[in-house]
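> sequence first, then the predicted structure, then my questions.
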Amino acid sequence: MPPEMKRPEPKIEGEKLSGSVERVTFHSEESGFCVLRVKVRGQKELVTVTGSAASISPGEFIDCIGNWFNDKNYGMQFKAVRLSVVQPSTIDGIEKYLGSGMIKGIGPHFAKKLVKAFGENVFEVIENEPERLLSLPGIGKMRKDRVVAAWGEQKIIREIMVFLQSYGVGTSRAVRIYRTYGNDAITKVSENPYRLALDIHGIGFKTADTIAQNLGIPKDSLMRAQAGVRHALQEYSGDGHCACSRANLIEEAANLLEISQDLTSTAIDAEIKAQNLTLEPIGDESEPLIYLTALYKAEVGVAESLMRLHTGFPAWSGIDIEKAIPWVEEKAKIELSQSQKKAVALALQNKLLVITGGPGVGKTTLVNSILQVIAAKKARILLCAPTGRAAKRLSESTGLEAKTIHRLLEFDPKAFAFKRNKENPLEADIVVVDEASMIDVVLMNQLLKAIPDHASLLLVGDVDQLPSVGPGAVLADVIQSKALPVVRLTEIFRQAATSKIIVNAHRINEGQMPLQAESQELSDFYFIKGETPEDISEKLLHVVSKRIPERFGLDPIKDVQVLTPMNRGGLGSRSLNAELQKILNAKDGAHISKFGWQYRVGDKVLQTVNNYDKEVFNGDIGTISAIDIEEGELLIEFDGREVKYDSNELDEVMLAYAASIHKSQGSEYPAVVIPLAMQHYMMLERNLLYTGVTRGKKLVVIIGQAKALAMAVKNKRSARRTTALAFRLQRARESIDLLTK
């Protein structure tokens with residue numbers, strides 16, 4: 001339905017209020033919620049208005065429909081059910097609007113120049129006579145083009161916003177819709193609003209469904225049922241599963257959509273026919289599994305690639321193992337344990353080997369020994385890991401270059417594909433993959449496809465850590481299948497046994513409570529009791545800001561990382577970040593307020609999504625090094641490399657004084673502080689605590705309730721992910737064994 005044909009807006013009951021925005025007290029671009037101070041004609045004092053807007057700036061004029069209410073903390077406010085934004089018309093309003101940072105390239109300084117030169121006609125000049133901007137000192141062609149582009153983007157965003165508001169959505173998700181669909185946004189949304197849930201980050205099925213209902217799409221339409229079925233399966237994959245039984249999917253989707261199971265079943269068949277979903281019987285399962293087709297192809301691809309790479313002999317198969325092991329011990333001035341010697345022998349005899357084990361069991365020593373022997377045979381070695389930090393650690397431990405998997409595969413942001421693939425494979429005789437437990441089935445499939453047939457593969461990781469954030473449990477499935485060679489190191493070496501972090505990590509992994517420090521001497525592991533969430537929070541803030549810096553000489557921002565089980569709640573990452581920022585980086589000066597946060601120079605931030613253009617990936621931690629208010633830009637330093645961010649891109653980062661344990665995978669920090677409370681009970685699991693503890697290099701401090709710690713240690717209920725990779729590998733192994741008999 002094109003915009004000119006849209007039906008009349010639904011009538012909203014309430015009072016009307018209009019006025020100019022004097023100050024934006026709060027605006028969350030994630031939810032659109034805003035608190036505004038508004039100058040209303042006839043009112044002597046400014047009025048507080050709460051509502052929702054995609055973008056809002058001082059100087060703009062708003063028309064609202066809503067009701068007055070008396071907030072017990074903040075007094076009389078106007079709660080807007082509908083809030084529409086229009087361009088300012090007064091000179092003062094125009095200057096405030098242009099100087100607010102809304103239009104990229106215009107800050108307070110140039111806003112004054114523009115208004116002085118063009119007065120009330122400034123918007124007309126920007127839109128229809130932009131060449132006149134060049135007559136002003138300080139505005140060249142580049143700045144002029146930037147201003148014109150930003151003005152056009154804002155105009156289109158406002159049109160999209162009006163369209164969405166008329167169909168019941170009043171949030172800044174309009175910005176994301178515009179970024180994805182451009183000028184065709186309204187047409188595409190009108191044709192099939194359910195595509196939003198697939199295409200737009202941050203827009204779920206429920207939001208798309210709201211738009212669809214208001215556009216008049218029937219609740220029992222097949223279009224809605226098909227989108228809902230896909231959504232239910234995507235939600236399932238969001239919990240790590242690769243597939244779902246047909247019966248479960250029918251029930252889940254029917255309940256979610258409030259439609260009949262017959263219609264849900266029809267929608268599933270339609271999606272299978274359209275090849276968006278794939279149905280496959282697995283083994284003796286009474287109910288076949290249904291996959292999102294992309295996940296099905298990835299899982300099948302991983303199984304095929306692993307068996308392909310396992311087949312044959314390594315390039316160095318002629319090595320005399322009896323001589324190689326003493327040679328490497330002498331060269332590295334080490335003594336390998338019996339289990340390590342067996343692992344070296346396996347690695348030299350097989351094209352594929354998995355090495356797993358906890359901290360302090362000698363995985364690094366083993367990998368280095370294998371690589372030294374292979375390097376002596378002039379083999380081409382490639383090293384990689386899922387995250388930048390993990391790759392850096394791998395490089396430091398081996399003395400060889402290591403890359404992230406994305407960099408190794410040469411990701412092309414424009415094509416949104418890897419340059420290295422089956423047709424253009426990696427040039428290597430062996431590929432070593434560290435932190436393999438973090439790799440989901442989709443990325444593992446892309447990596448394995450790019451490894452040539454003749455090359456060997458060494459997968460290294462701790463299978464007892466949290467599984468990948470994305471779907472699948474690749475490392476666990478490979479080990480469980482028993483179809484491929486696996487070495488599990490369990491012996492803690494003497495040097496490592498002096499570390500309470502390592503000893504307690506293994507105790508936790510075995511279901512035993514961690515040992516406390518027994519003397520007044522400095523230890524590397526502490527448990528501090530906290531009775532209530534408030535008590536825990538207070539002690540945590542003191543430990544991070546005072547106690548650790550004073551007793552251990554560690555920087556509270558650079559060296560100390562708070563890791564929490566959850567994002568929400570008083571002890572969640574969001575709340576703790578706000579409190580820690582106040583204590584650790586409360587400096588005045590330039591700052592940018594976006595998405596409910598204030599970003600300042602010196603703030604530690606965490607990238608939350610993969611940004612291939614910037615080569616910054618989910619989990620990377622950086623520090624804000626500069627802010628340009630006029631341009632609405634920041635520089636964030638990631639491992640010595642400065643990356644430019646537009647203020648509208650800050651939905652990709654979050655403050656990182658505190659982060660979830662899930663986000664910490666693959667990283668290591670000098671000091672880790674972990675709050676544990678019964679309010680986290682849904683997340684109190686052994687592998688979560690184990691992962692958090694093993695992130696600490698020099699110091700781990702757990703602050704919490706003894707009952708919560710005991711629950712986390714004892715609880716090994718982690719739900720088994722629905723995958724079929726282990727079965728596929730077992731079946732492939734059986735086929736090979738039959739052929740070789």
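Arrived safely, thanks for sending.
> against Glu734, how distant is the residue most central in space within the chain?
In the chain, the residue lying closest to the centroid (Cα atoms, centre = their mean) is Thr608, at 3.6 Å. If you measure Thr608 against Glu734 using Cβ to Cβ, to the nearest Å, the figure is 42 Å. Glycine gets a C-beta too; all of them are placed from N, C-alpha and C.
> how about Lys341?
30 Å.
> who has more neighbours out of those two?
Comparing Lys341 with Glu734 by neighbour count (other Cβ atoms under 10 Å), the higher total belongs to Lys341, at 18 against 11.
> now the strands for the stretch 151-300 of the chain?
243-245, 277-280, 289-292 (DSSP state E, counting those that start in this stretch).
> quick one, which of these is nearest to Val47?
Val47 sits nearest to strand 289-292 of all the strands of the stretch 151-300 of the chain, at 49.1 Å, using Cβ to Cβ.
> run me through the strand neighbours of the closest one, direction for each.
strand 243-245 (antiparallel), strand 277-280 (antiparallel) (DSSP bridges).
> turn those into a markdown table, columns for distance to Lys539.
What follows is these, written out as a markdown table (distance: least, Cβ to Cβ, whole Å):
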| stretch | distance to Lys539 |
| --- | --- |
| strand 243-245 | 43 |
| strand 277-280 | 50 |
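> please identify the most buried of the ones you listed.
Ranked by mean neighbour count, the strands paired with strand 289-292 are led by strand 243-245 with a mean of 22 (mean count of other Cβ atoms under 10 Å).
> quick one: mean pLDDT for that strand?
On average, the pLDDT along strand 243-245 is 93.
> contacts for that strand, please.
With Cβ atoms under 8 Å, 6 or more residues apart in numbering as the test, strand 243-245 has contacts from 232-233, 236, 252, 280, 285, 287-291, 295-296, 722-724.
> got a list of what Asp327 touches?
Small correction: residue 327 is Trp, not Asp. The contact partners of Trp327, taken as Cβ under 8 Å, 6+ apart, are Val373.
> can you give me the buried ones in the helix or strand containing it?
Assessed by DSSP states H and E, Trp327 sits inside helix 321-332. Using 16 or more other Cβ atoms under 10 Å as the test for burial, helix 321-332 gives 324-325, 327-329.
> of the residues you listed, just say which sits nearest to Gly632.
Closest to Gly632, out of all of the buried residues of helix 321-332 and judged by Cβ to Cβ, is Val328, at 55.7 Å.
> and stretch 585-605, how far apart are its ends?
End-to-end distance for stretch 585-605: 12 Å, by Cα to Cα, to the nearest Å.
> hmm, I was thinking of stretch 556-569
So stretch 556-569: terminal residues 23 Å apart, Cα to Cα.
> show me which residues of that stretch are buried.
Buried-residue list, stretch 556-569, by 16+ other Cβ under 10 Å: 556-557, 559-567, 569.
> ok, so of the contacts of strand 243-245, who is nearest Arg407?
Nearest to Arg407 out of the contacts of strand 243-245 is Leu295 (Cβ to Cβ; 24.3 Å).
> residue contacts, that closest one?
Counting by Cβ under 8 Å, 6+ apart, Leu295 has contacts 237, 242-243, 441-442, 471-472.
> what's the most distant pair in these?
Of all pairs in those, the most separated under Cβ to Cβ is Ala243 and Val442 at 13.6 Å.
> for the residue nearest to Val38 when sequence neighbours are not counted, give me the pLDDT.
Spatial nearest neighbour of Val38, chain neighbours left out: Gly19 (4.2 Å); criterion: Cβ to Cβ, 6 or more residues apart in numbering. Here the pLDDT value assigned to Gly19 is 88.
> coming back round to it: do I have it right that the residue nearest to the centre of the chain meets Leu655?
No - judged on Cβ atoms under 8 Å, Thr608 makes no contact with Leu655 at a distance of 10.9 Å.
> need the pLDDT of Ser31.
You'll see Ser31 listed with a pLDDT of 60.
> looking at the chain, which helix or strand is least sure?
Lowest by mean pLDDT, DSSP states H and E among the helices and strands of the chain is helix 173-181, with a mean of 68.
> buried stuff in stretch 71-80?
Quick answer for stretch 71-80 (16+ other Cβ under 10 Å): 77-78, 80.
> what do you get for stretch 473-482?
Quick answer for stretch 473-482 (16+ other Cβ under 10 Å): 473-481.
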